[in-house]
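>>> My questions are about this predicted structure, shown below with the sequence.
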Amino acid sequence: MAKKEKSEYLIQAVSHALDLLEQFHGEVDELGVTELSKRLKLHKNNVFRLLATLESRGYIEQNRVTENYRLGLKTLELGQTFIKQMGLLRQSKPVLEALVHDCNETTYVSILKDHHIIYLDVVETGMTVRVVPRVGSRLPAYCTAAGKVQIAYMNDEELESYLPGKDLQRFTTHTITDRDTLKKQLKVIAEEGFAIDNEELDIGVRCVSAPIRDYTRRIIGAVSISGPSMRFSDDRMKEELVPLVKKAGEEISAKLGFQK
């Protein structure tokens, strides 16, 4: 069976919606239905339906005075997210590489999204036994070092609404499933400035993470060192890896404009 071209999977309505959004460029601030209909070569009724859908999701808004349409705040949020992530990746890459040089273990940078962390970038160790890279993967925040170090700074109200359900899913015998126990650990993490995953998601894997802050002092991500538990002894974690990952978090934060 021949492999299909990606163009065969295109959804026409989605394509039209994106075409509509792309009409707002350069000095074009607002457009009316008639003008959009001409530009897109679509019937006005179709344009109305596209506008109504995009407006309901915040990507388009109507100027009540002129009755024309303009881009909504949601498009700005997407743009800001892209800029922040690209800035985070660009600034963190050399720090991740330096970390690997210093400890010869795999290093990551990740962000918090909903109830999960997403690894954006990784620099691998040269060691034969290593952790499998998980770039793009969504992993639960409460049982990963990168996740815990980001949710640790939430206030009680935020944390209460953030933690999923009553019972936290158990992945290994080390997973903390009791909410109160987890909250106590998170308070310690916030005080010490780093988090450890003690085989809480995968048996045989340990990880240590530190927060990354931007110029507004807000936590926007985490930097991590991860590897086989046989190389991540308590002594090595305390004496070598924790100081290294905290320093890396501070370096990336400084590059993003954070000032103590």
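Received it, and whenever you're ready, just let me know what you need.

>>> Quickly list what V123 is bridged to.
With DSSP bridges applied, the residues forming beta bridges to V123 are T107.

>>> residue contacts, it?
With contact taken as C-beta atoms under 8 Å, 6 or more residues apart in numbering, V123 is in contact with K93, L96, E97, L99, V100, T106, T107. Bear in mind the C-beta positions are built from the backbone N, C-alpha and C, glycine included.

>>> And the pLDDT for it?
Model confidence at V123, expressed as pLDDT, equals 90.

>>> again with the one 3 residues further on
Residue-level confidence at G126 comes out at 79, pLDDT.

>>> what does L112 give?
We have a pLDDT of 89 for L112.

>>> That one should be in a strand, yeah?
Yes - with the criterion set as DSSP: H, G, I helix; E, B strand; the rest coil, the secondary structure at L112 is a strand.

>>> I am assuming it contacts Y142, so please confirm or correct that.
No - L112 lies out of contact with Y142 (C-beta atoms under 8 Å); the separation is 11.2 Å.

>>> The two: which has the busier surroundings?
Comparing L112 with Y142 by neighbour count (other C-beta atoms under 10 Å), the higher total belongs to Y142, at 23 against 19.

>>> Please, where are all the helices along the protein?
Assigned by DSSP state H, the helices in the chain fall at 12-21, 33-40, 44-56, 73-103, 145-151, 156-162, 179-192, 234-236, 242-255.

>>> Just say which of those is most tucked in.
With neighbours defined as mean count of other C-beta atoms under 10 Å, those peak in mean count at helix 145-151, which reaches a mean of 27.

>>> could you say what helices and strands that helix packs with?
Judged by 3 or more C-beta pairs under 8 Å, 6 or more residues apart in numbering; DSSP states H and E, helix 145-151 is in contact with strand 106-113, strand 116-123, helix 179-192, strand 195-198, strand 205-213, strand 219-228.

>>> TSV please, covering these and showing distance to E27.
Compiled in TSV, those are given as follows (distance: least, C-beta to C-beta, whole Å):
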stretch	distance to E27
strand 106-113	34
strand 116-123	34
helix 179-192	47
strand 195-198	48
strand 205-213	36
strand 219-228	32
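
>>> who wins for proximity to K246 among those?
Evaluated over the helices and strands packed on helix 145-151, closeness to K246 peaks at strand 205-213, with 4.7 Å, by C-beta to C-beta.

>>> Just the buried positions in stretch 111-127, please.
I111, L112, H116, I117, I118, Y119, L120, D121, V122, V123, T125 (16 or more other C-beta atoms under 10 Å).

>>> Tabulate the residues you listed in a markdown table, adding columns for distance to I11.
What follows is the buried residues of stretch 111-127, written out as a markdown table (distance: C-beta to C-beta, whole Å):
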| residue | distance to I11 |
| --- | --- |
| I111 | 28 |
| L112 | 30 |
| H116 | 26 |
| I117 | 30 |
| I118 | 25 |
| Y119 | 29 |
| L120 | 27 |
| D121 | 30 |
| V122 | 32 |
| V123 | 37 |
| T125 | 42 |
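
>>> isn't S37 right next to R49, touching?
No - under the criterion of C-beta under 8 Å, S37 makes no contact with R49, lying 11.8 Å away.

>>> which residues do L112 and Y142 both contact?
Going by C-beta under 8 Å, 6+ apart, residues that sit against L112 and also against Y142 are I151.

>>> what's the neighbour count on S233?
Under the neighbour criterion other C-beta under 10 Å, S233 is assigned a count of 13.

>>> try the one 4 residues further on
Taking other C-beta under 10 Å as the criterion, the count of residues near M237 is 19.

>>> I'd like the distance between the closest residue to it other than its chain neighbours and N68.
When the adjacent residues along the chain are set aside, M237 lies closest to V208, with 5.9 Å between them (C-beta to C-beta, 6 or more residues apart in numbering). According to C-beta to C-beta, to the nearest Å, V208 and N68 sit 53 Å apart.

>>> If anything else comes up later, I'll come back, but that's it for now.
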